[in-house]
Each structure stands twice: as C-alpha cells, then as structure tokens.
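**Q** curious how this folds, go ahead:
(chains A and B)
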Amino acid sequence: MKAFAQLFLSLDETNKTNEKVKVLKDYFNSVPDTDKMHMLALFTGRRPKRPINSTLIRTWAMEASNIPPWLFEESYHVVGDLAETMALLMPQKESTNDKDLTQWIAELNSIGAKPEEERKQWLISSWAMLDTQERFVFNKLLTGSFRVGVSQNLVIKALAEITGLDAATLTHRIMGSWMPETYTYEQLIQEQGAADDISRPYPFFLAYPVQETSEKQKSAEQIEAGLGDPLQWQAEWKWDGIRGQLIKRDGKIFTWSRGEDLSTEKFPELHPFLNALPDGTVIDGEILSFQNGLPMPFNILQTRIGRKNLSKKILEESPVAVIAYDCLEFNGEDIRYKTQAERRAILEQLQAATPYPDTFRLSALIDFNTWNELAKIREQSRAMIAEGIMLKRKSAAYQVGRRRGDWWKWKIDPLSVDAVMIYAQKGHGRRADLYTDYTFAVWDGDKLVPFAKAYSGLTDQEINKVDYFIKRNTLEKFGPVRTVKPELVFEIGFEGINKSTRHKSGIALRFPRILRWRHDKPKEEADTLETLKALLGE
Amino acid sequence: MAKKPLLEFTDKGIYCAQGKFYVDPWKPVDDAVITHAHADHAYPGHKHYLAHHLSREVLYYRLGDIALQTVEYGEKVMKNGVSVTLYPAGHVIGSAQIRVEYQGEVWVVSGDYKMEDDGISTSFEPVKCHHFISECTFGMPVYQWKPQVQIFEDVNNWWRNNQHNGLATVIVGYSLGKAQRILQNLDLFNGKVYTHGVIENTNEALRRNGVLLNPTERITPDTPKEAIRQGIVIAPPSSVGTPWMRKFQPYSFGYCSGWMAMRGAKHRRAADRGFVLSDHADWDGLISAIDATGCECVYLTHGYTATFTRYLNEIGFNAKEVHTLYGGEEEENPQEAPTQPPPEGEGSEKTSFEEDLEIEVKVSPTGGDLEGAGLQ
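**A** Reported below is the predicted structural model:
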C-alpha cells in the first residue's frame, strides 16, 4: 500500500506529462504483477464495491478520531473531501504493516460479507496501521470515490513503454469487463490476444471539437482553411444520446455504453435486431429515445437510465433505437483499419439486411458541396434534436480515443441568458474552502427566481474575486450555503432547456455553465423567466 | 455596577483603560505593546512602542524611526500602575505573549504562538492567568502537525532530488520567521543558500540584532544561474509566479505552510511540493496551551473562531469568540490575495519597492497573520 499511496502522492505533485509517465513506470517496475493489475483496474475506473456504507464509515471515523458529529461535518466542509477529512482527523498511526495493494483489496472485497461488529473492528484497526497518506488512498478505495489526476492514456503510455506493446493494443485489451483477480498481467501482455473475451468492446474513437476553448464557433471560412476540400468529408448530425457499441459474437449480444458500462439489459428493445445480426459484428452508434419515429431530447432518455426496472409505460412511450454510424468488426474481422467510406458501405449493407429497421437506423449522411452550405444546414440542428454536425474524413481509419485530425464535432452555439448570483457554496477538491458553486436567478416580476447551479467557466483569479465578494456580502447562512447580496451578473450558457415540475422556476437546463462575468451589467438588466420560457419553444 | 474588564476589545485594538495602553492596535495610538513584528500586529503610526529585544531591528527596518522600548522576557514594565510582562510565544524570533496584571487580576494576550520548539524562536512558555486572549488560526481538528525534524528531512531529500534531476530548488515561506526556520534546518552539505532580497533584508535586521543565522547569499542580477541551480533559493510568497522566479527555470517550488495540510490549498498555489510547516499551534497545541493557562475565560480572536469556540465550550472551557479583532474570519485565512502586481526584477534599486509591496500586502484588512492571510 505504501507504494500505491506514494504513487498517488507523486502523481498529485506534478502536472508534467513526462514526469507522470516516469512515476507510473517506476510504480509498475517496483510492484508485484497482481498489484499492477489492481492499479490498472483502479486507474481505469474499475472500483471495488463499497463494503461498508458511508453512514457507518462516518460514524466509526468520528469514534476513531474522538470528535462530535457537528465538528466532523465542519471539518468536512473545510477540507472538501470525505476521504481526506477522515485521513486528517485520525490520530497518528500506532503500528505498521506491509500489506500490498492486492492484499488490501482482497480484504476490502471480503469484509463486506462479515457481521457489522467485525467490519468495525477491521476498519478501525486498519486506520490505525496506516499513515495519513496511506489512509487517504485507503479511504478513497473504501468510499468508492477513487479518482486520479491522470488519464488512462498516460497509464497506457507507461505500460506500453515497459512492455514494448503498442498503445492501441493495450487500450483494447483493458476494455470491457475484466476483474483484476482473474485477468493476469501475463495474459495482458501476451503477444497474441488468445485470452480475448468475446464481450470485449473496442476503444471508442472520439471527435475533437472544431474549437475547444472559446464558446464562439468557427465560421465556414475557417473550417475551409482548416479542413480543406469538403468532398473529402462525410457529414452527419451529432446526435444527443448515449454513445454505444453493440456486439454480436458467438451467438451472444452485448451493449456497451461510452463509460464502458455493460448495459445490454438496459435496452431490451435492441435485443431483436442484435440477435438478428451475423456473428462477429460490432456496431458503433448512438442510442436515443424515439417517439413516433422521431428522436427525443436527451432528458427523456436520462430519466430512464436511472431506473432499475423499466416499466411497460416507458418502453411504450419512449422506446430506444440505435442510430448507427460505424462498423468496427465484420465477419469476425477487426475492420477498424479500413477507410471511413469502406466501413460505411459495410454498415449500409448490414442495415439493409436487418428485419428491424425501426431499432437499427442509419445515421443519414448530409448532402453538401460547400462549407457554407453545411454551415446553413447546421443552423437546423436544434430542430433535428441534434447538437450540431459531425465531420469525418472519408479516408480515415477508426482510431483510438480522442484524436485530432479525422473526426470533428462542429457543435451549435450554446443558448445563453444573463443571470444574478444569489446563493453560494464551497467547492471541493482543489477548490475546497473557496466559494465556487453558485446558484443563479432570473427576474420574475420584481422577484429573483433561482433556475440553475453552475460551477465552471471562471478563471482562478475570477473565482478569488467572487469568493472575496461573497464573504463580504453574505446575507444569511444555511449550513454550508450562503445567501449572497444579489449584485453580480453572469452569462450562463446551456445546451438545452426543458420543462420541469421539480424546480421552482418550472424549467431545467442541460449543462449549465458560466460563460463570462458580466461586469458591465447591473442586476436590473439580467434576463427574465419569460425569456427563458420562450426558449422552451412552445 | 459591573467592574470594567482589565482588557477590552475596541475598534483600535485590545485596550487597557487602567494602564492607558493598547496591545497590537491597528489604528494609531499613543502607547502600543507589540506581540511580534508581523505587519498585522505591528502597525505604523503609534507614538510609543514596547516590544521584545529581538524584535527591535526588524521593527526599525519595517516601521522606520519609531519610539521603541525593548525588554527581555520576564522583565516587568509598569504602566500607570498596571504591570506588563512579556513571555515567549514561540511563534517567530522575538515573539511574545503579553501578560497584564492589575490588583491581582491577570490577563494574557497570546499574539500568535506555536508549541513546538523550532530551535530558533524562544520556545513557548505557558503563563497562568484569569483571562487568556488566544489566536486559533488552525483551530480545526484536521490540522495536526508532524515534528519539524520529519518535515525537514523531506525538504532536504527533495532538494537533493532536484539537484540530481538538474532542477533549481525554490522554497517559499514568509520572510520573518518561516524563512529563518527553513534556513537553520537546511542540510548545508547539500549546497549554498540563496535568498530573495525581501528575505535577506529581514535576515540582516536579525543579524544586527545579534541573531546567529546560517550563511546566505542575496540574489542579484549578477548571481550565476548555474550556481543557484546547485543551491537552494528561499523566496517569499509574493515572488511566486513572478518573472523573478521564472528566471530559475527549470525549477521545483516548495511551499511551507500549515495550509499545505490540505490538497486543495496545495493545488490552488500550484506548488510542486507542499510542506506542512506552520508557526502556529495545531489543534491539539491550541487546546493544551489554553488548558495550561488555567484561565477562567478564553477569548478567540482570529482563525476558525466560531468552530473552535463552540468546541471549547462543549469540553468545559468558558470560551468567547471576539468578532471585531483583526477582522479575521475563519474563511478568510486560506484565501489568496486579490490580484497584486508582481514585483518586477530583483535588482538593488527594486528592493525598496518590493518591501513596500510586502508590507502593504501584509496590512490588508483580511487579517489573520502573514501565513494566515496567505498573502505575503
């Protein structure tokens, strides 16, 4: 565990890519193979199940650190991270241990089944044998909140340098559902992927935004300058659903979503068409809710993702379908090396053969000759329930991860309103103990009605200034939330807007974020609820 | 009629009506008793100052030509029948707790203090009293310091590693107190110690005061970059991210502060390394210090006052939160200063400007102390 805690600390202490890769390699070179696999699992989001619920963990942490509950809560608000709070509150360690990561995870996995008293004993004695840094990482594993400031790409890069395998192969081999207890390091690095699992998806190829930083989108002229001849490109709508990979191999079907969750059972509507596919087929596409043959906004799909059981009503009212846009495997052959145009032809052939064209749809190609023409078409995105346009180079292979060059997303400008900040709350992590989470309101007559929370989009400098303002202009405190004198105006951007019965304002925004601080606007000139409701398009 | 308390909290500072003097006043007064030379405790503009001998040269350097009387720890001074005695606070060199006694009633103003003997500031001495006015900058249980030996082992190892990797080493701590504490604990077998002008000025003042410090070299535009890379640079927080510091590239920069205990604070300062090293008492230190005074009542002035006061009352102390003093509210301590202009170069002509900047920043109304305000 020492090595793993040190790894976490060292990664935390640098923001230089080369440094991080070096730290990762040092780690791989110094720990047993089983630890390597556990580390890989953790760093790719495969967290162990929580063996103890967080209420019990908190209660026992308060006991172990001998402080009253209210003080525990206050400490948590100052630190902004539960695992870190508990690590800091405990007394210094009493004993030492040399258990490695594999042993700790094995204990974490087995303790869940034990009676409460035994779990408590185990937890308290575990805390007592770890130092602050180890305790922090241990708590992260325990609370299932393990996250690390290093991308999967870097981990793969380090591993590739050590094993001599190429990064794309490794990326593919760590996809899908594998367990660090049964998938060995040896299997991972075998030259032939003999141990390949039939459910394993391919790494998704992700598009780069045409413009990443500013909210302003590029013009047709700029696109022309950047991408060249329009005839080299294929354009499709950018659908606003769940990215999915659909697999049929050896008579079995699997549906993976972008977060690498196996969600075959969540989308029973897709089973007939999947079963009808020839063996050795993998399709890439977007899963969306449909009604009367038309795609529906994302929030409809969102409400159903959260459900454990799909009611008959949901299946009838908003059944899902796939809008397919790529084919990655055909007749059992990995065809990612083929060109976009070739893969498209195969996909069309597969789709033409399906008895289920309602659930297996094709993402239509947009007919255009010039970028200007396409820019005009893009303006209809919202009406199409699309987020903009996807551009794919006809000669490109299907690559791994987010790459610049061959796939671009050309999104439409976000919607925006000017709103007044009325509540503030402290942030977490890097922004702990600073007021960074704000609630915004618009005018409804002479009253301000809250309609959105947002906490990104300001620079560190601006955050400091806003924090300074909040601390000097607090009207009331409710626990961690402060009511702030309504004065600061911000432009809030969002991707979509829907009716909501749960919110006071009657609306709910999708991806609200701060676009900029409107120093130039007094609060009286902020937008009104009417303006927002007009955007509902009713 | 209720008896007037010996010390009161006024809008100018802590006032003793009987003795006609103030402790650490923040507005100009006739007679000021100063706990230590940090700018949020030693303001300019008073007619008369009383402080410890070891604060003398730093006070002259920072406040100019003031009317200053200095005393030894334990030496009694009478002011209008009230006795005033200084006791070591262990915060920085020359820092004192102020013991005030009149007709058998004893009050102690802690100023800022820490319990650990840092080997350079005279170490903290508990003083029995009826009323104790205490800071609580780190009055949250998440703050638990490790012995400085451990911290400096990390610092020295980090320095060696940087040398090995061809990086310059820049260590940041405020200029009175932390800088000297770092200096005295560096492994000088590793190499030479270079200082930012602001820190070297303070070092010089302390040396004039007879304090023995390890050798240092002031960085000038002529100091060879290669030499600096082999050594270590001690710099004030105000120099972080300035062109002055960027000249050392490539470098690793470490920040020494109690706030480094939390990852969030460390990330905000974008420090490569955070060393948890504070000149204030930690949670257990505060409680044991207050307990050792045997006081009837403790007043908490700056830091996490609300939380700490509530807890002290729960465990049986009679604690009061004092709102008005130092304007230091719990939240304000860890915050960054509103943007300040970076100092330009570090030539000899520029030093006076930088000092001004440092002092100006320190007296900003966000209160706390230098480290507390996280400003310097």
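
**Q** and for the residue in the stretch 151-300 of chain B that chain A sits nearest to, the neighbour number?
**A** Nearest residue of the stretch 151-300 of chain B to chain A, counting by CB to the nearest CB: B:Gly264, 3.5 Å away. Using the backbone N, CA and C atoms, a C-beta is placed for each residue, glycine as well. Neighbour count of B:Gly264, defined by other CB atoms under 10 Å in any protein chain shown: 22.

**Q** B:Ala96 reaches B:Leu86, doesn't it?
**A** Yes: at 3.8 Å, B:Ala96 counts as touching B:Leu86 under the criterion of CB atoms under 8 Å.

**Q** what is in contact with the two at once?
**A** B:51-52, B:73 (CB atoms under 8 Å, 6 or more residues apart in numbering or on different chains).

**Q** can you pick the most crowded of those?
**A** B:Ala51 leads the shared contacts of B:Ala96 and B:Leu86 on contacts (other CB under 10 Å) with 27 neighbours.

**Q** now for the residue of the stretch 51-200 of chain B found nearest chain A: which residues touch it?
**A** Proximity of the stretch 51-200 of chain B to chain A (CB to the nearest CB) peaks at B:Val142, 4.0 Å away. Contact analysis of B:Val142 by CB under 8 Å, 6+ apart lists A:75, A:78-79, A:85, A:88-89, B:261-262, B:283.

**Q** helix or strand for the closest residue to chain B within the stretch 251-400 of chain A, which one?
**A** Closest to chain B within the stretch 251-400 of chain A is A:Gly259: 25.5 Å, counting by CB to the nearest CB. For A:Gly259, there is no host helix or strand (DSSP states H and E).

**Q** per-residue confidence at it?
**A** We note a pLDDT of 70 for A:Gly259 in this prediction.

**Q** buried residues, the particular helix or strand that has the residue of the stretch 151-300 of chain B closest to chain A in it. List them.
**A** Using DSSP H and E, B:Gly264 maps to helix B:263-268. Using 16 or more other CB atoms under 10 Å in any protein chain shown as the test for burial, helix B:263-268 gives B:263-268.

**Q** how near is the residue of the stretch 251-400 of chain A closest to chain B to B:His196?
**A** Distance, A:Gly259 to B:His196, by CB to CB, to the nearest Å: 48 Å.

**Q** between those two, which is the more surrounded one?
**A** Remark: of A:Gly259 and B:His196, B:His196 carries more neighbours, 26 against 9, as counted by other CB under 10 Å.

**Q** now do the contacts for the closest residue to the more buried one other than its chain neighbours.
**A** Nearest-residue entry for B:His196: B:Ala235, 4.4 Å, with adjacent residues in sequence omitted and distances by CB to CB, 6 or more residues apart in numbering or on different chains. For B:Ala235, the contacting residues are B:170-172, B:195-196, B:199, B:245, by CB under 8 Å, 6+ apart.

**Q** what about those residues, which one has the most neighbours?
**A** Busiest of those [other CB under 10 Å] is B:Ile199, holding 28 neighbours.

**Q** show me which positions of the helix or strand where that residue lies end up buried.
**A** B:Ile199 belongs to helix B:197-208 when elements are defined using DSSP H and E. By neighbour count with 16+ other CB under 10 Å, helix B:197-208 contains the buried residues B:197-206.

**Q** what's it packed up against?
**A** With contacts taken as 3 or more CB pairs under 8 Å, 6 or more residues apart in numbering or on different chains; DSSP states H and E, helix B:197-208 sits against helix B:56-63, helix B:178-185, helix B:351-362.

**Q** A:Trp233 bridge partners, please.
**A** On the basis of DSSP bridges, A:Trp233 is bridged to A:Arg393.

**Q** for A:Val282, give me its contacts.
**A** Applying CB under 8 Å, 6+ apart, one finds that A:Val282 lies in contact with A:201-202, A:245-248, A:327-329.

**Q** any chance of TSV for these, columns secondary structure and distance to A:Ala235?
**A** Formatted as TSV, the contacts of A:Val282 follow (DSSP: H, G, I helix; E, B strand; the rest coil; distance: CB to CB, whole Å):
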residue	secondary structure	distance to A:Ala235
A:Pro201	coil	26
A:Tyr202	coil	23
A:Gln245	strand	22
A:Leu246	strand	23
A:Ile247	strand	27
A:Lys248	strand	28
A:Cys327	strand	18
A:Leu328	strand	20
A:Glu329	strand	25
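
**Q** re the thing from before, okay, the residue nearest to B:His196: pLDDT?
**A** 96.

**Q** my reading is that A:Leu188 lies in a helix. Confirm?
**A** Yes: under DSSP: H, G, I helix; E, B strand; the rest coil, A:Leu188 falls within a helix.

**Q** which other helices and strands contact the helix or strand hosting B:Ile151?
**A** Assigned by DSSP H and E, B:Ile151 belongs to helix B:148-164. Other elements packing on helix B:148-164 under the criterion 3+ CB pairs under 8 Å, 6+ apart are strand B:168-172, helix B:178-185, strand B:251-256, strand B:273-275.

**Q** close to chain A, is the last one?
**A** Pointing back at strand B:273-275 there. Yes: under the criterion of CB under 8 Å from any CB of the partner chain, chain A is reached by strand B:273-275 at B:Arg273.

**Q** from the rest of the structure, what touches that strand?
**A** Looking at strand B:273-275 with CB under 8 Å, 6+ apart, the contacting residues turn out to be A:13, B:151, B:154-155, B:158, B:171, B:252-257, B:260, B:265-266.

**Q** same check on stretch A:89-102?
**A** For stretch A:89-102, contacts defined as CB under 8 Å, 6+ apart pick out A:1-4, A:31-32, A:34-35, A:38-39, A:61, A:64-65, A:67, A:72, A:75, A:107, A:127-132, A:135, B:141-142, B:144, B:146.

**Q** if you set the cut-off to 6 Å instead, what comes out?
**A** By CB atoms under 6 Å, 6 or more residues apart in numbering or on different chains, the surrounding residues in contact with stretch A:89-102 are A:1, A:4, A:34-35, A:38, A:64-65, A:127-131, B:141-142.

**Q** domains of the chain?
**A** You didn't pick a chain, so chain A it is. A:2-142, A:205-411, A:415-534 (automatic domain parsing).

**Q** sorry, should have said chain B
**A** In terms of domains, chain B is parsed into B:8-143+B:279-333, B:148-275 (source: automatic domain parsing).

**Q** where does chain B dip in pLDDT?
**A** B:1-2, B:323-376 (pLDDT under 70).

**Q** which single residue of the stretch 1-150 of chain A ends up nearest chain B?
**A** Closest point on the stretch 1-150 of chain A to chain B, by CB to the nearest CB, is A:Leu88, at 4.0 Å.

**Q** so what's that residue up against?
**A** Contacts of A:Leu88 by CB under 6 Å, 6+ apart are B:Val142.

**Q** so which strand or helix has it?
**A** Using DSSP H and E, the element containing A:Leu88 is helix A:82-89.

**Q** so what's the residue count around residue 261?
**A** Using chain A here. 15.

**Q** wrong one, chain B
**A** Per other CB under 10 Å, the neighbour tally for B:Ala261 reads 24.

**Q** hmm, it is touching B:Val276, no?
**A** Yes: assessed by CB atoms under 6 Å, B:Ala261 is found in contact with B:Val276 at 4.8 Å.

**Q** sec struct for A:Met390, please.
**A** A:Met390 is classified as strand under three-state DSSP.

**Q** show me the contacts for it.
**A** A:236, A:238, A:409.

**Q** identify each buried residue in stretch A:316-334, please.
**A** So for stretch A:316-334, counting by 16+ other CB under 10 Å, buried means A:318-330.
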